[in-house]
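Engineer: got a structure for you, letters missing:
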């Protein structure tokens, strides 16, 4: 049986409001980060995730330790919710996942830039050779 759970955290990261969506599936944590700009209302956050679910770029999976499926006292749940609401920022696992995604994007960009510069060098070389040929054409 596959268990899927999700959590949205919205916090202020100077100068923008940022939303972090964490989803836990099969013991693997994936994170997507969204920059909102101005402070979003609850319904705006919900609407954004409903309409842009397919466009979210989730980080590579990070393994998460499994918690026991047992009945938890409602007062304890309420205390945990209040403590999570008082916390600012995101959890360490989510930070690791975001860092991994950032490094992955950085390496993709680096390889793309390297390829583009090699293509530009090749075009410059071909242009120089063509100019050299054109100079000697009349002789």
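Structural biologist: Yes, it's here. If you're wondering where the values come from, they're calculated on a predicted model, not measured in any experiment.
Engineer: Below-threshold pLDDT in this protein: ranges please.
Structural biologist: Low-confidence segments of the chain (pLDDT under 70): 1-2, 64-69, 87-91, 138-139.
Engineer: Is the residue nearest the centre of the chain in a helix, a strand, or coil?
Structural biologist: Most central in the chain under C-alpha atoms, centre = their mean is residue 32, positioned 4.3 Å from the mean C-alpha point. At residue 32 the chain is in strand, as set by DSSP: H, G, I helix; E, B strand; the rest coil.
Engineer: so it touches residue 57, yeah?
Structural biologist: Yes - counting by C-beta atoms under 8 Å, residue 32 touches residue 57, with 6.1 Å between them. The C-beta positions use only the backbone N, C-alpha and C, and glycine is treated the same way.
Engineer: what sits against residue 106?
Structural biologist: Counting by C-beta atoms under 8 Å, 6 or more residues apart in numbering, residue 106 makes contact with nothing.
Engineer: Remind me which helix or strand it belongs to.
Structural biologist: Counting by DSSP states H and E, the element that carries residue 106 is helix 92-135.
Engineer: what about that helix, distance to the chain center?
Structural biologist: 21 Å (C-alpha atoms, centre = their mean, to the nearest Å).
Engineer: Report the contact partners of the residue nearest to the centre of the chain.
Structural biologist: Each residue near residue 32 by C-beta under 8 Å, 6+ apart is listed here: 20, 21, 56, 57, 58, 59.
Engineer: wait, what's in contact with the first one?
Structural biologist: Going by C-beta under 8 Å, 6+ apart, residue 20 touches 8, 9, 10, 11, 31, 32, 33, 34, 90, 94, 98.
Engineer: State the distance from the last one to residue 51.
Structural biologist: So the one you mean is residue 98. Taking C-beta to C-beta, to the nearest Å as the measure, residue 98 falls 22 Å from residue 51.
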